[in-house]
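J.: any chance you can model this:
(one chain, ligands or ions: 1)
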Amino acid sequence: MEKILVLDFGGQYDQLIARRVREQNVYAQVRYYDRICLSEIRKEGYRGIIFTGGPRSVYEPGAPGYDPAILELGIPILGICYGHQLLAYLSGGKISSAGQAGEYGKTVLKASGSLLLQDLPAESICWMSHRDTVAELPAGFQIIASTDQCTCAAMADDQRKLYGVQFHPEVTHTEYGRQILHRFLYDICGCQGDWDVEDLAGRLVERYHRELAGKKVLLALSGGVDSSVCALLLHRAIGQALVCVFVDHGLLRKGEADEVERIFRQQFGVNLIRVNAKERFFEKLAGVTEPERKRRIIGEEFIRVFEEEAKQLGHIHVLAQGTIYPDVIESGKGASAVIKSHHNVGGLPEVISFEEIAEPLRDLFKDEVRAVGAVLGLPKELLYRQPFPGPGLSVRIIGEITSEKVSLLQEADAIFREELKDLPADQKPDQYFAVLTDTRSVGVMGDARTYGYTAALRAVSTDDFMTAQWTRIPYDILERASSRITNEVAGITRVVYDISSKPPATVEWE
Ligand code: XMP
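T.: This next block holds a predicted model:
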């Protein structure tokens with residue numbers, strides 16, 4: 001299979017670049033610059049290399065760099081932003097700090113030739129975010145685009161197939177970004193486009209059918225997107241030899257545990273063991289109010305329950321995990337995680353005895369995982385599920401967890417979700433749920449005074465959950481949700497709407 005190396009120099013967009021490449025049917029792999037050496041690059045047979053952006057300045061001590069011999073491998077290179085400056089620097093050019101101002105945001109780009117920019121009109125919009133610029137062009141290069149502030153907004157050495165762009169073709173604000181990447185991949189690197197997510201599901205099923213033949217495979221199924229797609233894929237590959245264990249800790253949303261069981265066992269015939277462990281979890285959580293302790297208790301208890309189930313299954317050859325590419329991607333911005341840090345799979349390899357790990361989704365981005373799931377026929381409500389924390393409703397109940405409080409929250413949450421169900425997709429928040437606060441207040445119903453809990457409604461819009469805006473939900477929806485919750489859920493007398501964004505607040509309340 002053809003592949004492109006996205007050489008990460010610490011920028012924000014390494015994963016976005018890889019996704020943009022894959023969208024054009026070429027497989028892209030992200031590697032952090034100091035974790036891949038020249039001989040490995042040569043051995044891997046990459047068709048092209050993309051240098052990513054990065055926050056540093058090339059002359060700073062300790063700034064990310066690379067052996068200039070990379071330019072002599074005969075592999076086409078496209079440098080983006082810092083990668084563009086680094087390419088110029090490694091080729092003998094000079095970089096200067098453009099002063100305090102720099103260029104940020106939408107900028108008019110004047111293009112003037114080269115195969116790379118062939119699709120661009122004389123002027124188009126690009127997205128800039130830089131202070132330094134290429135001040136002296138390296139030998140063999142020519143300037144192929146500029147802006148008012150930046151003479152060398154793009155450069156090319158067509159002969160050696162080395163290209164640099166100061167702007168970001170990977171962001172959607174760059175009008176012709178897609179075309180630029182397409183030219184690079186297809187006309188400069190000579191790719192044919194053999195990465196096809198539609199075919200991928202079939203190829204993965206075939207591969208694991210072969211590799212796991214005759215082996216017993218165990219998977220912890222949570223009902224989230226990754227473990228669900230993983231379960232279905234392996235079920236197609238090896239049928240009943242896959243055993244899925246679904247631990248119901250009693251802290252899922254209303255009806256969810258039954259839904260997971262129905263879909264996997266009845267609809268798909270998956271060999272599923274549902275463990276109803278609510279009592280155990282609630283016993284351990286009694287009297288606990290501190291959020292991190294709740295998380296820890298649930299994580300540990302989950303492992304214990306899972307371990308007990310696994311022991312009854314006899315010898316397990318393979319532990320399967322729904323690890324996906326962003327979980328394992330090498331990056332200087334965070335430690336590389338070999339195993340998904342999600343509480344309910346993180347500790348499993350230490351306590352279960354098995355011979356190998358299978359992670360069929362470890363090369364895939366979330367949208368690719370969804371595409372594979374769709375090909376396998378996984379229902380939309382599972383594929384497009386909102387993120388749901390492993391510790392479940394325990395982090396949405398402030399204070400002690402009791403069975404009664406969980407029921408109140410499940411009811412209130414179900415009403416809120418129902419009221420938002422029909423919002424058009426472009427108005428729908430990315431995550432929305434109810435929280436049960438531990439504030440009680442006085443209310444009135446008929447002639448009687450009541451004393452009940454306050455529920456908070458939370459809805460956020462976000463791209464990556466690192467930052468999030470509270471969503472402007474129409475008032476009439478909030479009104480209906482509030483009125484239904486206070487009328488239908490005895491025990492909740494007051495409803496408030498959370499208008500805090502992240503940062504400084506987090507999405508979850510605990
Ligand atoms: P915060 O609250 O940190 O949440 O702004 C960001 C995203 O992560 C989810 N979240 C969790 N997921 N275990 C998980 O698997 C957890 O302990 C956990 N805490 C928060 C949260 O729902 C949101 O999507």
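
J.: mind listing what Phe388 touches?
T.: Going by Cβ atoms under 8 Å, 6 or more residues apart in numbering, Phe388 touches 224, 252-253. Every C-beta, even on glycine, is put in place using the N, C-alpha and C of the backbone.

J.: now the helix or strand hosting Glu411: average pLDDT?
T.: Using DSSP states H and E, Glu411 maps to helix 403-420. The pLDDT scores in helix 403-420 average 98.

J.: for this protein, give me the ranges with low pLDDT.
T.: Counting by pLDDT under 70, the chain contains low-confidence ranges at 98-100, 330-347.

J.: what does it put close to the ligand?
T.: Where the chain comes near the ligand, counting by Cβ under 6 Å from any ligand atom, the residues are 295, 342-343, 387, 389-391, 395, 431, 465, 502, 506-508.

J.: could you chop this structure up by domain?
T.: 3-188, 197-383, 403-497 (automatic domain parsing).

J.: turn those domains into a markdown table, columns for mean neighbour count.
T.: Output for the domains of the chain, formatted as a markdown table (neighbours: other Cβ atoms under 10 Å):
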| stretch | mean neighbour count |
| --- | --- |
| domain 3-188 | 19 |
| domain 197-383 | 18 |
| domain 403-497 | 17 |
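
J.: now the helices for the stretch 201-350 of the chain?
T.: Using DSSP state H, counting those that start in this stretch, the helices of the stretch 201-350 of the chain run over 225-238, 256-261, 278-285, 291-312, 325-328, 343-346, 348-351.

J.: quick one: contacts for Leu181?
T.: Leu181 neighbours (Cβ under 8 Å, 6+ apart): 20-21, 24, 169-170.

J.: could you single out the nearest of these to Thr147?
T.: Pro169 (14.3 Å; Cβ to Cβ).

J.: excluding its backbone neighbours, what's nearest the closest one?
T.: Excluding the flanking residues, the one nearest Pro169 by Cβ to Cβ, 6 or more residues apart in numbering is Gly177, at 3.7 Å.

J.: spit out the contact partners of the one you found.
T.: So Gly177 contacts 20, 126-127, 168-171 (Cβ under 8 Å, 6+ apart).

J.: Ile303: which of those residues is nearest?
T.: Nearest to Ile303 among the contacts of Gly177, with distances taken as Cβ to Cβ, is Arg20, at 38.1 Å.

J.: right, and the closest one touches Glu170 too?
T.: Yes. Arg20 lies in contact with Glu170 (Cβ atoms under 8 Å); the separation is 4.8 Å.

J.: and the helix or strand containing Gln29, what does it pack against?
T.: Taking DSSP H and E as the criterion, Gln29 maps to strand 27-32. Packing contacts for strand 27-32, counted by 3 or more Cβ pairs under 8 Å, 6 or more residues apart in numbering; DSSP states H and E, involve strand 3-8, helix 14-23.

J.: ok, the residue of the chain positioned farthest from its centre to Glu356 distance?
T.: Relative to the centre of the chain, the most outlying C-alpha is that of Asp447, 51.3 Å out, by Cα atoms, centre = their mean. For Asp447, the distance to Glu356 (Cβ to Cβ, to the nearest Å) stands at 68 Å.

J.: follow-up on the earlier one: which residues touch the helix holding Glu411?
T.: With contacts defined as Cβ under 8 Å, 6+ apart, helix 403-420 is touched by 250-251, 253-255, 278, 282, 393, 396-397, 428-429, 432-436, 453, 455, 457, 459, 473, 477, 480-481, 484-485, 488-489, 491-492, 495.

J.: and the residue of the stretch 151-300 of the chain closest to the ligand?
T.: Closest to the ligand within the stretch 151-300 of the chain is Arg295: 5.3 Å, counting by Cβ to the nearest ligand atom.

J.: Pro391 is in contact with that residue, correct?
T.: Yes. Arg295 lies in contact with Pro391 (Cβ under 8 Å); the separation is 4.9 Å.
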